[in-house]
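**Q** Here is my input; please provide its structure:
(3 chains)
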Amino acid sequence: MATLQAHSPDLFQTPTPPLFNFQECLWFLDRNYDDIMHRILPDAVIKPARIAGKPVLVKIYEGEGCLISEVLRGEVTDEAALVRYVRDLFDLDTDLAPFYELLRSDPELAFMADEYRGLRLIGIPDLFEALCWSIIGQQINLSFAYKLKRRLVETFGERIDWQDQTYYLFPEPEQVALVSPAALRAHQFSERKAEYLITIARAFSTGEVSKELLTALPTPEAMIRQLTSYKGIGEWTANYALMKSLKVATCIPYGDVGLYNALHKVKGLARRPERAELDAIFSKFCGWEAYLTFYLWRTLSKPDLPSTAP
DNA sequence: AACCAGGCGCATG
DNA sequence: CATGCGCATGGT
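**A** Prediction:
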């Protein structure tokens, strides 16, 4: 994790593990949606982030056996924090080999080990962001959900300008805590969702909830119990946020319609599975439930990676 | 033109 | 415990 060059404090590298495919990850980030939280270039992602509390804009691209983070705006004072962020974003600390073994043991799922080889569970390191995003995404179609997130972020997030483009940090809880429901309602959030978001924002801003506090809980069940004690965070939302932010490997977003659609597609499942039914399907993937979910979601995005290989 | 989206809480039988 | 309903808007 040394700086790449002594005179270029703006470049940091993060070693990548085996079974890592940056293009697969970029492809997932790009899918078909208009996500305000990053910009995808052919071989890089540009991402605003808070690293050790300080706003930065980083461009992440592939180097020799590593990812290179180029700091475009802001200053990284805590190099370890930046490297941790990149590892978290691309889930670089997981050994995928056992997961691929399990996939190959199921004839209907085996194709994913090859087609999506090296795809990592893309994270949302900021727990507040992950929770807001999953609340926003409840029950509405994804393109509308991305639209709502865009409005929230453009209205309340901190701007970073770079080369004629504007990037935004996700708003901090303190900011959202002061927003009125009416202001969100004006941006076409439902009254309910507005209340949920503001309530969660307050809980974060008082320190009542935090990633650290949640991480300290002994079991995923305890984390889910804690999160679902807030109105607007149900089982689906809690599992989604824990999978994306805390990388809790055993999380299954029960009730997720996308998960059902994927299982319908690859396993011919005829109807929405009950909880027990889903548990049965996932039972062989103990410890890889979140990854299996993520890979199943991947099957829903049709076009395949434009092959760069001849 | 209905119907349903990466759900949830609340109200009923 | 199960089932039904409204929510905001947009895609199909």
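
**Q** Tell me where the stretch 151-300 of chain A has helices.
**A** All helices of the stretch 151-300 of chain A, identified by DSSP state H, counting those that start in this stretch, fall at A:173-177, A:181-186, A:191-205, A:211-215, A:220-228, A:235-241, A:257-267, A:275-282, A:289-298.

**Q** Packed most tightly, which of those would that be?
**A** helix A:235-241 (a mean of 24; mean count of other CB atoms under 10 Å). Where you see a C-beta, it was placed from the backbone N, CA and C, and this is true even at glycine.

**Q** How about that helix and DNA strand B, any contact?
**A** Yes - Helix A:235-241 is in contact with DNA strand B by CB under 7 Å from any atom of the strand, via A:Glu235, A:Trp236, A:Thr237, A:Ala238, A:Tyr240.

**Q** Ignoring the adjacent residues along the chain, who's closest to the residue of chain A found nearest DNA strand B?
**A** As assessed by CB to the nearest atom of the strand, DNA strand B sits closest to A:Gly234 within chain A, at 2.5 Å. Distances taken as CB to CB, 6 or more residues apart in numbering put A:Thr228 closest to A:Gly234, at 6.2 Å, once the chain neighbours are dropped.

**Q** Identify the residues contacting the helix or strand containing A:Met112?
**A** Assigned by DSSP states H and E, A:Met112 belongs to helix A:110-115. Residues outside helix A:110-115 that contact it (CB atoms under 8 Å, 6 or more residues apart in numbering) are A:Phe99, A:Tyr100, A:Leu103, A:Arg104, A:Tyr295, A:Arg298, A:Thr299, A:Asp304.

**Q** let's go with 7 Å and repeat that
**A** With CB atoms under 7 Å, 6 or more residues apart in numbering as the test, helix A:110-115 has contacts from A:Tyr100, A:Leu103, A:Arg104, A:Tyr295.

**Q** ok, the residues of helix A:235-241 next to DNA strand B vs A:Asp30, which is closest?
**A** A:Asp30 lies nearest to A:Tyr240 out of the residues of helix A:235-241 next to DNA strand B, by CB to CB, at 20.2 Å.
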